[in-house]
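Engineer: next one to model:
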Amino acid sequence: MEKDPKLSAIGEGIEKIKNKCCFEKVLIVLDDVDCPRQLKFLAPNSECFHRGSIIIVTTRNKRCLDVHESYSSYEAKGLAHKKAKELFCWNAFRQHHPQDNYVNLSNHILDYAKGLPLALVVLGSFLYKRDVDEWESTLHKLKTNPLDDIQKVLLVSYDGLDYKCKKLFLDIACFFKGQDEKFVTRILEGCKFHPKIGLRVLHERCLISMKDNTTRMHDLLQEMGWAIVRQNYPEHPGKWSRLLELKDIESTARKLKVINLSYSKHLVGISSISSAPNLEILILEGCIRLKSLPRNLHKLECLQTLLLKGCSNLKSFPEIKDDMKNLKGLYLSEAAIKELPSSIGHLQALENLDLSGCEDLESLVSICNLSSLQTLNVNNCQKLEGILMLDLGGDLCSLRSLHVTCHVLKSGVIWSNGHFSSLKTLNPQCGQREEEILDHISPLSSLVELSVRNSSLMEREILSDSFRLSLLQVLSLRNLHPLKWGILSYISHQSSLVELSLSKCNLMEVGIPHDIRNLSSLLSLSLSNCNLMEGEILNHIWQLSSLEKLSLDRNHFSSLPAGISQLSNLKGLKLSHCKNLLQIPELPSSVQFLDAHWSDGISSRPSVPPIRSLINCFKSELIPENWISLGGSFFICHGISIVIPRSSGILEWVEYQNMGSYQVTIELPPNWYENNDLLGFALRCVYVASPNESQYESAHTSEDEPNNRFAFTSEIERLVFFCILSVRGNNQSAKVDVFSFESRSVNDGVSDTVWLIFYPKVAFKEAIKESYRSSQWTHFTASFAGFGRVEECGIRLIYTKDFEQKRPTMAQGSTFHGDFGGHGSVKEYTNSKAHNKRNPT
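Structural biologist: Numbers count the residues shown, from 1 in each chain. This next block holds a predicted model:
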């Protein structure tokens with residue numbers, strides 16, 4: 001073979017080698033092969049070589065050899081003690097045995113190297129001609145700082161792992177070396193790893209070994225793992241991802257300010273927590289097996305927040321022996337607590353006490369000494385017999401919010417003694433006792449929020465001359481049949497109101513008074529399920545110029561007055577479950593959220609103005625990300641959202657044929673971001689209700705592949721939709737934004753639902769900061785998930801000229817790359833059974 005042949009390509013060189021090796025016997029050594037593809041090209045099979053040829057392959061990855069069954073494999077072992085000693089001594093002393101005063105030190109080095117030739121050579125060369133003190137210093141240093149020359153070689157195998165396998169390797173190096181394989185697997189599965197395939201990969205890379213069902217790792221590999229954990233912050237153990245030594249754990253615990261063990265399903269108890277004296281926040285939410293708290297909990301003098309929500313087996317709370325002078329929030333909702341200890345009164349700084357959902361709570365001992373208490377929540381405490389602090393009258397001048405739902409409550413409330421002068425929020429739901437609680441609440445002059453349901457006494461109270469709550473901003477009246485005109489008249493003159501809800505109050509007879517226009521500060525109005533019909537009953541609403549949120553769901557009107565367009569500040573409109581609604585008039589351009597799901601009577605040919613007015617958002621500045629809440633419906637995003645029945649006919653102008661797809665990708669045109677005529681994107685998804693959708697299926701979630709189902713289990717059914725936007729290009733990808741829509745409502749019949757989203761282009765700059773340039777990103781993807789099955793979805797680029805069209809249309813999607821309305825190309829990803837079992841994170 002000619003020397004140093006000039007080759008124009010790798011393939012040409014491979015062919016030259018093969019042709020030459022076919023005609024003569026050769027010895028080939030392929031050193032450090034790291035992927036099967038290399039071996040496939042260089043030595044595909046024995047037929048490529050002349051008879052008698054020998055091919056030796058060395059690799060750190062056993063998987064490379066598995067593809068060639070004709071090869072016999074041999075796993076290199078560490079050197080036996082005698083050979084290891086000779087190799088080390090030759091490098092350290094230039095002879096085959098150690099010098100007399102170095103024998104013990106040499107044995108320590110041999111024990112450290114465990115027969116690894118690399119370590120023996122490197123250490124021997126490093127210690128050559130060094131005195132005893134230097135040898136001892138080196139041995140001491142090796143315990144925490146392995147030599148770089150050894151680490152660099154060992155790191156090659158580690159660097160070839162993917163992210164999850166790297167984490168798995170570090171966990172084994174720090175915690176699981178020498179542990180039973182089944183035990184390790186069970187623990188790692190609980191940490192959401194996939195340990196079986198991960199352990200197999202580590203074994204193939206010779207980073208671990210399995211013997212007698214025990215997970216094993218070479219000491220030098222373990223030290224490499226420790227060094228990786230420490231490398232970024234060698235002097236700051238508190239910043240390490242894993243703590244290795246007791247002294248580091250203790251020093252870090254003393255500095256801890258937050259411990260979050262939420263949803264630790266196997267946590268039964270905490271014996272002591274005194275090692276973290278500076279702890280400020282302790283979160284144990286959702287620890288469903290937790291039965292006890294540490295008895296020395298009171299020693300945490302710096303603790304400010306203790307969150308125990310959902311600890312359904314926690315039946316007792318420890319005595320407060322010392323003054324926990326900084327504890328401000330104690331959250332015990334849905335715990336199994338029967339009563340609080342009398343020493344709870346020592347919590348002089350406590351501001352928030354949440355006992356909601358404690359169904360076993362039978363009584364509250366006197367907590368009148370909690371002079372700093374601002375919020376008390378005892379909602380849904382079905383066995384609670386008395387709130388003694390309210391009877392005995394302590395100094396509760398700081399109490400601002402009281403939520404009570406206790407149907408067997410025996411003890412009433414005395415408001416007139418002046419101990420509740422700061423109360424701002426009152427939400428009583430106490431069955432037969434509610435009217436007693438509401439009796440003579442007029443002295444609560446600071447009341448800002450009041451929620452009442454099913455109370456005839458409250459009607460009389462409001463109508464009385466003494467009822468004057470001049471600071472009231474939020475008023476919720478529910479289940480009043482029928483609602484008396486006098487109450488509406490009073491409400492209409494309560495100019496301080498910001499939020500008003502009359503849900504399930506029959507307004508058929510009294511209607512809405514024209515005086516409602518006096519509520520000039522009103523931002524939110526809910527007339528849900530109020531038996532509203534046709535006529536002038538709704539006309540006066542349009543005079544509420546400040547209104548931002550309006551809920552008219554579950555009513556009987558067939559149309560809305562055109563005056564709705566006058567609500568120039570309206571952001572959210574809820575029209576769901578309006579079975580008689582036939583058409584939606586033009587909406588104000590300020591609207592960001594329209595919820596009309598399950599209003600199946602909407603005309604099959606609705607007018608175009610609602611859509612045209614909504615997409616005016618593209619002509620405006622970036623809409624800030626909002627959480628819009630409308631009577632149990634929630635929407636989060638930067639753009640515009642419409643939820644409407646498929647029967648509405650809106651598909652006529654949104655022409656899509658992407659059947660069976662949960663994800664759609666569009667190829668972006670050149671210079672798309674710099675093009676001022678491109679305003680944004682219109683996204684659409686059709687959700688088809690499944691017959692058995694009333695109970696959702698739990699499923700493992702995947703961040704990159706959201707599916708077309710979302711897991712929830714609840715007595716009250718919830719519509720839940722998700723959309724994840726992402727971009728890719730130049731071998732990179734980035735998540736742009738996430739939209740979510742949720743509606744909590746009792747299911748009275750399901751129908752196919754269309755979700756439309758209008759996303760302005762300017763939102764990209766905010767979402768992905770400096771990397772929003774056209775040259776960076778070439779493809780735009782929308783992935784949908786949610787209630788029911790995603791039947792079709794699509795994307796359409798919105799240009800300035802779309803506003804000039806009489807009927808704006810969206811380009812038709814296809815199942816292949818191709819023209820997309822002259823604005824790019826679209827690619828569809830079709831569902832499979834696997835997709836049906838995934839969720840978005």
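Engineer: so where's the stretch 1-150 of the chain uncertain?
Structural biologist: 1-11, 13-14, 44-47, 66-71, 144 (pLDDT under 70).
Engineer: now the helices for it?
Structural biologist: Ranges of helices within the stretch 1-150 of the chain are 10-21, 36-42, 63-66, 81-92, 103-113, 117-127, 132-142, 148-159, based on DSSP state H, counting those that start in this stretch.
Engineer: which pLDDT does the model give the nearest residue to residue 640 once chain neighbours are set aside?
Structural biologist: What sits nearest to residue 640 in space, not counting adjacent residues and going by Cβ to Cβ, 6 or more residues apart in numbering, is residue 758, at 4.0 Å. Yep, even glycine has a C-beta here, placed from its N, CA and C like the rest. pLDDT, residue 758: 84.
Engineer: partner strands of whichever strand or helix holds residue 758 and their direction?
Structural biologist: Counting by DSSP states H and E, the element that carries residue 758 is strand 753-760. Within its sheet, and counting by DSSP bridges, strand 753-760 is paired with strand 640-645 (antiparallel), strand 678-688 (antiparallel).
Engineer: quick check: mean pLDDT across the first one?
Structural biologist: Read that as strand 640-645. Averaging pLDDT along strand 640-645 gives 77.
Engineer: pLDDT below threshold where in the stretch 151-300 of the chain?
Structural biologist: Applying pLDDT under 70 to the stretch 151-300 of the chain flags no residue at all.
Engineer: tell me the strands in it, going along the chain?
Structural biologist: Listed from the start of the chain, the stretch 151-300 of the chain has strands (DSSP state E, counting those that start in this stretch) covering 209-211, 214-216, 258-260, 281-283.
Engineer: could you report the distance from the residue nearest to residue 174 when sequence neighbours are not counted to residue 169?
Structural biologist: Leaving out its chain neighbours, the residue that sits closest to residue 174 by Cβ to Cβ, 6+ apart is residue 242, at 4.5 Å. In this structure, residue 242 and residue 169 are 12 Å apart, going by Cβ to Cβ, to the nearest Å.
Engineer: higher neighbour count, the two?
Structural biologist: Comparing residue 242 with residue 169 by other Cβ atoms under 10 Å, the one with more neighbours is residue 169, at 26 against 17.
Engineer: that older thread, distance to residue 224 and mean neighbour count added to the helices of the stretch 1-150 of the chain, as TSV?
Structural biologist: What follows is the helices of the stretch 1-150 of the chain, written out as TSV (distance: least, Cβ to Cβ, whole Å; neighbours: other Cβ atoms under 10 Å):
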stretch	distance to residue 224	mean neighbour count
helix 10-21	33	13
helix 36-42	25	15
helix 63-66	21	17
helix 81-92	20	18
helix 103-113	13	17
helix 117-127	11	19
helix 132-142	12	13
helix 148-159	5	15
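Engineer: possible to save those as a markdown table with distance to residue 569?
Structural biologist: Shown next, in a markdown table, are the helices of the stretch 1-150 of the chain (distance: least, Cβ to Cβ, whole Å):
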| stretch | distance to residue 569 |
| --- | --- |
| helix 10-21 | 66 |
| helix 36-42 | 62 |
| helix 63-66 | 63 |
| helix 81-92 | 81 |
| helix 103-113 | 74 |
| helix 117-127 | 72 |
| helix 132-142 | 70 |
| helix 148-159 | 57 |
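Engineer: walk me through the domains of the protein.
Structural biologist: With domains defined by automatic domain parsing, the chain comprises 10-66, 81-143, 150-239, 626-837.
Engineer: where in the stretch 701-841 of the chain is pLDDT low?
Structural biologist: When residues are selected by pLDDT under 70, those of the stretch 701-841 of the chain lie in 701-719, 743-751, 765-775, 787-788, 802-841.
Engineer: one more time with 50, if that's ok
Structural biologist: Low-confidence segments of the stretch 701-841 of the chain (pLDDT under 50): 701-716, 746, 748, 806-841.
Engineer: that older thread, and the strands paired with strand 753-760: which comes nearest residue 188?
Structural biologist: When the strands paired with strand 753-760 are ranked by distance to residue 188, counting by Cβ to Cβ, first place goes to strand 678-688 at 36.1 Å.
Engineer: sorry, back to before: count the neighbours of the residue nearest to residue 640 for me.
Structural biologist: The burial count for residue 758: 24, using other Cβ under 10 Å.
Engineer: what's across from it in the sheet?
Structural biologist: Taking DSSP bridges, one finds residue 640, residue 682 as the beta-bridge partners of residue 758.
Engineer: how much space separates it from residue 663?
Structural biologist: With distances defined as Cβ to Cβ, the gap from residue 758 to residue 663 amounts to 19 Å.
Engineer: and the residue lying closest to residue 577 once chain neighbours are set aside, what are its phi and psi?
Structural biologist: Once flanking residues are discounted, residue 577 sits nearest to residue 554: 4.5 Å by Cβ to Cβ, 6+ apart. Taking degrees, to the nearest 10, you get phi 60, psi 40 for the backbone angles of residue 554.
Engineer: residue 554 contacts residue 578, doesn't it?
Structural biologist: Yes: under the criterion of Cβ atoms under 8 Å, residue 554 is in contact with residue 578, at a separation of 7.0 Å.
Engineer: mutual contacts of these two, please.
Structural biologist: Between them, residue 554 and residue 578 share no neighbouring residue, with contact defined by Cβ atoms under 8 Å, 6 or more residues apart in numbering.
Engineer: list the contacts for the closest residue to residue 195 other than its chain neighbours?
Structural biologist: Among residues not flanking residue 195 along the chain, residue 188 sits closest, at 3.8 Å (Cβ to Cβ, 6+ apart). For residue 188, the contact set (Cβ under 8 Å, 6+ apart) comprises 168, 171, 195, 198.
Engineer: where does the stretch 401-550 of the chain have low pLDDT?
Structural biologist: Confidence mapping of the stretch 401-550 of the chain against pLDDT under 50 gives the ranges 414, 416.
Engineer: in it, mark out all the helices, start to finish.
Structural biologist: Counting by DSSP H, counting those that start in this stretch, the segments of the stretch 401-550 of the chain that form helices are 434-438, 456-463, 485-492.
Engineer: the last one packs against which elements?
Structural biologist: Counting contacts by 3 or more Cβ pairs under 8 Å, 6 or more residues apart in numbering; DSSP states H and E, helix 485-492 is packed against helix 456-463.
Engineer: returning to what we had before: looking at the helices of the stretch 1-150 of the chain, which is nearest to residue 48?
Structural biologist: It's helix 10-21; of the helices of the stretch 1-150 of the chain, that one is closest to residue 48 (Cβ to Cβ) at 5.4 Å.
Engineer: okay, now the residue nearest to residue 577: neighbour count?
Structural biologist: Neighbour tally, residue 554, other Cβ under 10 Å: 24.
Engineer: which residues touch it?
Structural biologist: Residues 528-529, 576-578 are the ones in contact with residue 554 under the rule Cβ under 8 Å, 6+ apart.
Engineer: what about 6 Å?
Structural biologist: Residues touching residue 554, when contacts are defined by Cβ atoms under 6 Å, 6 or more residues apart in numbering, comprise 528-529, 577.
Engineer: take the residues you listed and write them to TSV, including distance to residue 421 and neighbour count.
Structural biologist: Output for these, formatted as TSV (distance: Cβ to Cβ, whole Å; neighbours: other Cβ atoms under 10 Å):
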residue	distance to residue 421	neighbour count
528	34	23
529	36	20
577	42	22
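Engineer: looking at those residues, which is nearest residue 334?
Structural biologist: Compare each of the contacts of residue 554 with residue 334 using Cβ to Cβ and the shortest gap goes to residue 528, at 27.1 Å.
Engineer: from memory that closest one sits against residue 553, does it?
Structural biologist: Yes: here residue 528 lies in contact with residue 553, judged by Cβ atoms under 6 Å, at a distance of 5.1 Å.
Engineer: that older thread, hmm, the residue nearest to residue 640 is touching residue 642, no?
Structural biologist: No: using Cβ under 6 Å, residue 758 and residue 642 do not qualify as a contacting pair, with a distance of 8.1 Å.
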